[in-house]
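Visitor: quick check, what structure comes out for this input:
(one chain, ligands or ions: 2)
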Amino acid sequence: MINIRSKREIDLIRNSCRIVVEALDLASELVRPGVSTQVIDDRIDKYILSQGARPAFKGYNGFPASSCISVEDEVVHGIPGNRILRQGDIVSVDVGVECEGFFGDSARTFSVGEISPEKYRLMQVTKESLYDGLSKVQAGVRLSNVSHAIQTKVESANFSVVRDLVGHGIGQKLHEDPQIPNFGAPNSGPRLKAGMVLAIEPMVNMGTHEVKTRADNWTVMTQDGLPSAHFEHTVVVTNDGLEILTVLN
Ligand code: MG
Ligand code: MG
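Guide: Ligands and ions are numbered 1, 2, ... in the order given. Next up is the predicted model:
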């Protein structure tokens, strides 16, 4: 069942999303060669707590940190630690926040110093694929039109969409119905309705779409060792389109 949120509930989700955005903005300022992923996570954790909120990932199925920080061939769910960011890396930071019982979720991939043109293109295409998907969101539209738009952008750029992980509804839980794949044929799946809140999150690999999980049982990595990028927004469906809750006006 896909929840339809009231204005009050959307306002609470919006507040959690605001904290997510501000935490990601702080992370973006810290990303540079020589910084450990732990330092970035500590800053995110401290900021979320300072807002009277809770880092939603901490303790989720036992995840040990407040953010997921995934470097280079790490796709998602990277555990922050003593890894040092190096010039030329790309790093994906994913933040979830719970405040007053409502959740927000967003991710961005950052460049560490100067990166190769191909990594830059990977980041750009991933972000553009998210916005192509978002451009389809509107009450009455079938959900797989969003998935299809993402896949089309990614594959036309000769990159690949991760299939083992999907976007999701969000609200009073971090992960609610529906699942939102980043691939698929158009004109299927549930019809969107105003008040649905969705976290749409293409994970895009430079090489093969296939992934594997590291021995830490969390970190998802590309099978071929090539880099991966990830962008995510939490949005609310409206009658004439959407509102992106993880962009501040
Ligand atoms: Mg996320
Ligand atoms: Mg998510």
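Visitor: hmm, who's touching the lengthiest helix in the chain?
Guide: Ordering each helix of the chain by length in residues (DSSP state H) puts helix 7-30 first. The contact list for helix 7-30 (Cβ atoms under 8 Å, 6 or more residues apart in numbering) reads 5, 39-40, 43-44, 47-48, 51, 53, 67, 93, 95-108, 110, 170-172, 195, 197, 234, 236, 245-248. Every C-beta, even on glycine, is put in place using the N, C-alpha and C of the backbone.
Visitor: which of the residues you listed fall within strands?
Guide: With DSSP state E as the criterion, strands contain 67, 93, 95-99, 102-108, 110, 197, 234, 236 from among the contacts of helix 7-30.
Visitor: and ligand 2, which of those residues reach it?
Guide: Under the cut-off given by Cβ under 5 Å from the ion, ligand 2 has Asp105 from the ones in strands among the contacts of helix 7-30 close to it.
Visitor: which of the contacts of helix 7-30 come close to ligand 1?
Guide: 105, 107.
Visitor: buried ones among the contacts of helix 7-30?
Guide: Buried by 16 or more other Cβ atoms under 10 Å: 5, 39-40, 43-44, 47-48, 53, 67, 93, 95-99, 102-108, 110, 170-171, 195, 197, 234, 236, 245-246, out of the contacts of helix 7-30.
Visitor: show me which residues of the chain sit near ligand 2.
Guide: Counting by Cβ under 5 Å from the ion, the chain sits next to ligand 2 at 105, 199.
Visitor: quick one: low-confidence ranges for the chain?
Guide: Nowhere does the chain drop to pLDDT under 70.
Visitor: name the element the residue nearest to Gly184 when sequence neighbours are not counted belongs to?
Guide: Excluding its sequence neighbours, the residue lying closest to Gly184 (Cβ to Cβ, 6 or more residues apart in numbering) is Ser147, at 4.2 Å. Secondary-structure assignment from DSSP states H and E places Ser147 in helix 144-156.
Visitor: and after that helix, which helix or strand comes next?
Guide: strand 160-161.
Visitor: so in that sheet, which strands flank that following strand, and in what orientation?
Guide: Strand 160-161 has the following sheet partners, assigned by DSSP bridges: strand 203-205 (antiparallel).
Visitor: show me what the strand it pairs with is in contact with.
Guide: Strand 203-205 is contacted by residues 75-76, 122, 125-126, 129, 154, 159-162, 165, 182, 211, 222, 224, 226-230 when judged by Cβ under 8 Å, 6+ apart.
Visitor: pull out the buried residues from whatever helix or strand comes next after it.
Guide: Downstream of strand 203-205, the first helix or strand assigned by DSSP H and E is strand 211-213. For strand 211-213, burial by neighbour count (16+ other Cβ under 10 Å) applies to Val211.
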